[in-house]
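Peer 1: sequence first, predicted model second:
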Amino acid sequence: MTQPLIELNGVRRSYAQGGGELEVLHGISLKIYPGEMVAIIGPSGSGKSTLMNIIGCLDTPSAGSYRVNGTDTAKLEPDALATLRRDFFGFIFQRYHLLGHLSAQENVEVPAIYAGVKPRKRALRSAELLAKLGLHERLGYKPSQLSGGQQQRVSIARALMNGGQIILADEPTGALDTKSGAEVMKILSELNEQGHTIILVTHDPKIAACAKRIIAIEDGAIKSDALNDKRMDAGVQKAGSGSVIKNVWAQSWGAFYDRFKEAFIMAWRAMVANRMRTLLTMLGIIIGIMAVVSVVALARGASEQIMANISSLGTNTITIYPGERMGDVRSGRVRTLTPRDLNALAGQPFADSASAAVQSSVLLRRGNLEYNATAQGVSADMFRVYGYEVSAGRLFTSGDVEQNRQICVIDHNTAQNLFAHQDPIGQAILVNAVPLAVVGVLEEKDSPFVRPDSLNVYLPYTAAMTRLIKQDYLSSIVVRVASGFSTAVAERAIVRLLTARHGRQDFFIQSSDTIMKSISSATLTFTLLISAIAVISLVVGGIGVMNIMLVSVTERTREIGIRMAVGARQSDILAQFLIEAVMVCLIGGFAGVLLTFIVGNIVQSLSSSIVLSFSLASVLAAVITSSAIGIVFGFMPARSASRLNPIEALARE
Ligand code: ADP
Ligand code: MG
């Protein structure tokens with residue numbers, strides 16, 4: 001004997017109601033064989049739809065067992081049940097349950113999308129099915145542009161798309177006029193002739209009369225189960241001998257990619273359908289991304305500028321000052337940094353050269369011109385250390401320094417102020433009443449460390465100490481580190497050497513290296529701080545996305561129910577909503593980056609003091625962050641969509 005296609009044994013179904021349990025089905029047992037056409041008839045509220053939903057694996061019995069093709073459905077995972085709905089059953093509902101934003105043909109293709117069928121095959125088969133049902137001229141029509149009978153034929157085509165071995169029709173003619181109803185019944189009978197098993201629910205005996213077997217149900221129990229006398233001959237012969245219709249689709253290559261692509265298209269359509277809402281949601285992400293990218297670009301721009309200034313001075317110099325730290329008020333009284341220290345340092349292997357400096361504010365005079373200026377007693381090496389060049393005359397040499405010669409090199413400003421258009425070379429100036437011969441004029445040079453309007457006179461430090469300032473200690477020593485030595489090693493060696501010579505550490509050192517480090521760590525801290533604030537705005541944007549996605553899930557509950565009824569897996573629904581959230585965020589992220597570029601370029605062209613430095617890393621980080629936000633904040637709504645109960649979702653209007 002053939003195995004029953006469907007076998008229910010003592011199936012009960014109760015609903016929780018008002019604290020208690022309401023049992024709607026009281027132990028239904030029945031077997032249905034391949035090729036049968038069964039009508040389940042009963043008054044409204046007798047439990048027909050409840051039974052139908054259990055048969056279609058949309059619902060599960062509270063007690064009893066239900067086998068499909070010999071397999072107990074209680075042992076099946078949600079995905080396996082989805083496969084049954086997709087490949088084995090075809091649903092036809094009283095209210096058609098078509099997706100309003102899809103055309104007739106697209107509606108028919110939905111089950112095949114979830115089965116992973118290639119688009120071309122899908123299009124061919126859906127057009128063929130619709131043509132057979134007399135709708136070849138209505139392929140592109142939306143459900144709202146079709147009559148009830150036409151919509152029901154679309155839903156029949158959808159039920160057949162993946163094979164539809166068992167067709168479950170719950171009051172298929174309930175919403176139709178008599179003529180369309182008769183047409184639908186004719187189609188169902190024909191399908192049964194072709195070997196489809198048909199299970200039909202109705203409260204109308206005239207409709208039930210089309211079936212070969214009629215099961216009457218009343219108050220959740222079977223009252224009678226008999227063959228239909230009028231159709232018995234045809235029915236009995238066909239029953240059991242009907243060919244089993246195979247699912248026409250095998251799992252094809254690239255099916256996963258296709259499903260992803262379809263989920264992407266569905267998400268895109270949902271976004272376009274709610275343009276304004278999508279745009280407002282995106283705005284949060286756009287602002288957040290703009291904030292992060294521009295803050296990072298600004299901070300990078302500023303620190304790059306400072307770094308460039310510092311490195312123009314040469315990175316391998318170490319300066320030693322008396323006192324404990326920069327700005328130490330007692331440093332003027334520390335007199336232990338001497339020319340002998342300078343010689344000792346100059347003799348070290350790590351020192352390429354060592355130059356000394358003493359400084360003093362002085363009064364410059366030439367004829368009747370008088371200016372306040374800074375006199376800098378330096379070694380000849382100093383010019384090399386700072387990269388100063390002359391525009392006229394010459395720099396002084398170490399010979400000049402050894403001989404205490406009373407000569408000087410003046411900067412561009414001083415030359416302008418004292419000599420105007422005359423040639424200063426060879427002329428004498430009075431520095432605090434000490435006459436010095438000008439041997440050179442420095443090139444004009446931009447430096448962040450020298451005020452542009454200050455006047456500076458450079459003379460050999462030996463001459464400065466003996467004639468001008470009359471002190472035997474130095475204001476600073478600059479050591480240029482020999483190539484091959486690291487600045488850090490040289491720093492440690494200097495500290496050791498001078499501490500040994502002075503008996504204690506009464507000096508501090510500063511290298512361009514340490515300045516750079518402290519600046520870059522300061523800008524990093526600053527960048528992190530501002531970025532943290534910018535990230536908060538991103539999180540706020542993400543919460544906006546989550547909110548909209550929750551609204552979207554609620555709005556589209558019925559759509560989700562329909563998709564599940566025709567065989568969508570939980571993962572399909574999850575993917576669809578997750579992709580939507582990620583797309584909103586990603587598009588927002590790209591728009592944010594683009595807008596930052598545009599605004600940044602406008603600002604930079606308006607003001608030269610603002611430098612933005614965009615890095616690929618920050619753009620990548622922005623894009624990654626925005627998709628992460630989409631995933632994190634989109635996950636909860638997407639998961640709640642995928643966990644919806646298909647029955648409850650379908651019941652939602
Ligand atoms: P029919 O399709 O035969 O008209 P149904 O199967 O839809 O009947 O419903 C049978 C009974 O179950 C009705 O009394 C109905 O109120 C009840 N019922 C159906 N669905 C639910 C539900 N989700 N929660 C509580 N009661 C329900
Ligand atoms: Mg019903």
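Peer 2: Good, I have the coordinates. Ligands and ions are numbered 1, 2, ... in the order given.

Peer 1: check contacts around Pro142.
Peer 2: One correction, residue 142 is Lys, not Pro. Shown in contact with Lys142 (CB atoms under 8 Å, 6 or more residues apart in numbering): 100-104. C-beta here means a position set from N, CA and C on the backbone, and glycine is covered the same way.

Peer 1: so how far is Met382 from Val401?
Peer 2: Going from Val401 to Met382 by CB to CB, to the nearest Å gives 10 Å.

Peer 1: for Gly174, same thing?
Peer 2: Distance from Gly174 to Met382, by CB to CB: 101 Å.

Peer 1: what stretches of the stretch 201-350 of the chain score poorly on pLDDT?
Peer 2: The model of the stretch 201-350 of the chain has pLDDT under 70 over residues 231-254, 309-315, 325-332.

Peer 1: helices of that one, start to end?
Peer 2: Taking DSSP state H, counting those that start in this stretch as the test, the helices found in the stretch 201-350 of the chain are 205-208, 232-238, 255-273, 275-311, 339-346.

Peer 1: just the stretch 1-150 of the chain next, same as before
Peer 2: Taking DSSP H, counting those that start in this stretch, the helices of the stretch 1-150 of the chain run over residues 48-55, 78-87, 104-114, 119-132, 148-160.

Peer 1: I'd like these laid out as a markdown table, including mean neighbour count and distance to Gly600.
Peer 2: Putting the helices of the stretch 1-150 of the chain into a markdown table (neighbours: other CB atoms under 10 Å; distance: least, CB to CB, whole Å) gives the following:
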| stretch | mean neighbour count | distance to Gly600 |
| --- | --- | --- |
| helix 48-55 | 22 | 58 |
| helix 78-87 | 19 | 49 |
| helix 104-114 | 25 | 43 |
| helix 119-132 | 17 | 42 |
| helix 148-160 | 25 | 52 |
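
Peer 1: looking at the ones you listed, which is closest to ligand 1?
Peer 2: Checking these against ligand 1 by CB to the nearest ligand atom gives helix 48-55 as the closest, at 3.1 Å.

Peer 1: please save the CA atoms from the closest one in CSV.
Peer 2: The C-alpha trace of helix 48-55 is given here as CSV (Å, rounded to 0.1, in the frame of the first residue of the first chain):
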residue,chain,number,x,y,z
LYS,A,48,-10.4,24.6,9.5
SER,A,49,-7.7,27.3,9.1
THR,A,50,-6.0,26.1,12.2
LEU,A,51,-5.9,22.6,10.7
MET,A,52,-4.7,23.9,7.4
ASN,A,53,-1.9,25.9,8.9
ILE,A,54,-0.7,22.8,10.8
ILE,A,55,-0.8,20.7,7.5
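
Peer 1: residues making contact with that helix?
Peer 2: Counting by CB under 8 Å, 6+ apart, helix 48-55 makes contact with 6, 8, 11, 13, 24-25, 28, 40-42, 59-61, 66, 168, 170, 199, 201, 203, 217, 220, 647, all of which sit outside it.

Peer 1: returning to that earlier point: just among the contacts of Lys142, which is most surrounded?
Peer 2: In terms of neighbours by other CB atoms under 10 Å, the contacts of Lys142 top out with Ala104 at 27 neighbours.

Peer 1: now the chain, which segments are flagged as low pLDDT?
Peer 2: Across the chain, the ranges flagged by pLDDT under 70 are 1, 231-254, 309-315, 325-332, 446-452, 653.

Peer 1: the longest strand in it is where?
Peer 2: If you go by DSSP state E, the chain has its longest strand at strand 351-366.

Peer 1: picking up where we left off before, so which of the helices of the stretch 1-150 of the chain is nearest Phe614?
Peer 2: helix 119-132 (39.9 Å; CB to CB).

Peer 1: that closest one to helix 255-273, inter-axis angle?
Peer 2: If you take axes from the mean of the first three to the mean of the last three CA atoms, to 10 degrees, helix 119-132 sits at 70 degrees to helix 255-273.

Peer 1: so which bits of stretch 524-541 are buried?
Peer 2: Of the residues in stretch 524-541, those buried by neighbour count under the rule 16 or more other CB atoms under 10 Å are 527, 530-531, 534, 537-538, 541.

Peer 1: returning to that earlier point: indicate which one of the helices of the stretch 201-350 of the chain is closest to Asp506.
Peer 2: Using CB to CB, the helices of the stretch 201-350 of the chain put helix 339-346 closest to Asp506, at 11.3 Å.

Peer 1: what ranges do the helices span in the stretch 501-650 of the chain?
Peer 2: Per DSSP H, counting those that start in this stretch, the stretch 501-650 of the chain carries helices over the ranges 512-555, 557-565, 570-606, 616-642, 646-651.
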